[in-house]
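J.: Whatever this is, show me its structure:
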Amino acid sequence: MPTTKNAPTLAPLPPWLRWAMVGSVVVAIGLGAFWQHGQPERQVRVHTETLLRAVEGRDWERVESLFSEAYTDDWGFDKQTALSYAQQVFGQFFRLRIQPQELQVQISQGDRGNATVWFVIEGSGDPLANLTRDQVNALEQPFQFFWQRPGGNPYRWELIRIENPDLEIPAVRS
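T.: Residues are numbered from 1 along each chain as shown. Coordinates of the predicted model:
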């Protein structure tokens, strides 16, 4: 049998160095996940989906927490009027499901973004609920949700405007 020359063996790394390497990898992965999770595109998407789920569940405290104090829209609503109107309309549903069909996000600046979304309302209720469902489902334009990030917190976004040129809402008395 031929003899083989013994290859030099490497000494094992000291335990502190192994733990330092493992710790560095874990910290790098954690920072990467934190950075990815806080990206504006992702946050606008998450906030839009959260708003739709909160309306569907009629969680008005959650809905209110997503609206900016500076909210305004083409229907003449401010934050309080929009919330009151939404509670009146969506409160008429016995059963309600809001299904987003297409959700696209654009970030115009680092602290502003908008979500364009088509959605279908499923459910039933009194005549106002059924009229709302039929009118929203027949719209030819998607909804535009405009978001703004106040301050430097990457996870806090506020709704500043909703638009849909095809949606007709009767004037609300002040």
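J.: helix, strand or coil for Asp166?
T.: Following DSSP: H, G, I helix; E, B strand; the rest coil, we place Asp166 in the coil state.
J.: what's it sitting at in phi/psi?
T.: Note on Asp166: backbone dihedrals following degrees, to the nearest 10 are phi -90, psi -20.
J.: residue contacts, it?
T.: Leu139, Glu140, Gln141 (Cβ atoms under 8 Å, 6 or more residues apart in numbering). Every residue, glycine included, has its C-beta placed from N, CA and C.
J.: Tell me if the second one really is in a strand.
T.: It refers to Glu140. No: judged by three-state DSSP, Glu140 forms no part of a strand; its state is coil.
J.: about what we covered before: which of the contacts of Asp166 has the most neighbours?
T.: Leu139 (15 neighbours; other Cβ atoms under 10 Å).
J.: if I look at the nearest residue to that residue once chain neighbours are set aside, how far off is Glu140?
T.: Closest residue to Leu139 apart from its sequence neighbours, by Cβ to Cβ, 6 or more residues apart in numbering: Asp166 at 4.8 Å. Distance from Asp166 to Glu140, counting by Cβ to Cβ, to the nearest Å: 6 Å.
J.: Over to Leu167?
T.: In terms of Cβ to Cβ, Leu167 sits 10 Å off from Glu140.
J.: in this structure, which ranges drop under the pLDDT threshold?
T.: 1-5, 7, 24-38, 110, 170-174 (pLDDT under 70).
J.: what are the ranges of the helices in it?
T.: 15-37, 40-56, 60-66, 79-90, 127-137 (DSSP state H).
J.: For Tyr155, grab phi and psi.
T.: With angles defined as degrees, to the nearest 10, Tyr155 sits at phi -100, psi 0.
J.: give me every residue that touches Gln148.
T.: Ser68, Asp111, Arg112, Trp157, Glu158, Ile160.
J.: Same check on Leu51?
T.: Val63, Leu66, Phe145, Leu159.
J.: do Val136 as well
T.: Val136 touches Phe119, Ile121, Leu167, counting by Cβ under 8 Å, 6+ apart.
J.: Excluding covalently adjacent residues, which one is nearest to Leu103?
T.: Spatially, and ignoring its direct neighbours in sequence, Leu103 is nearest to Val117 (4.6 Å; Cβ to Cβ, 6+ apart).
J.: Done for today, thanks.
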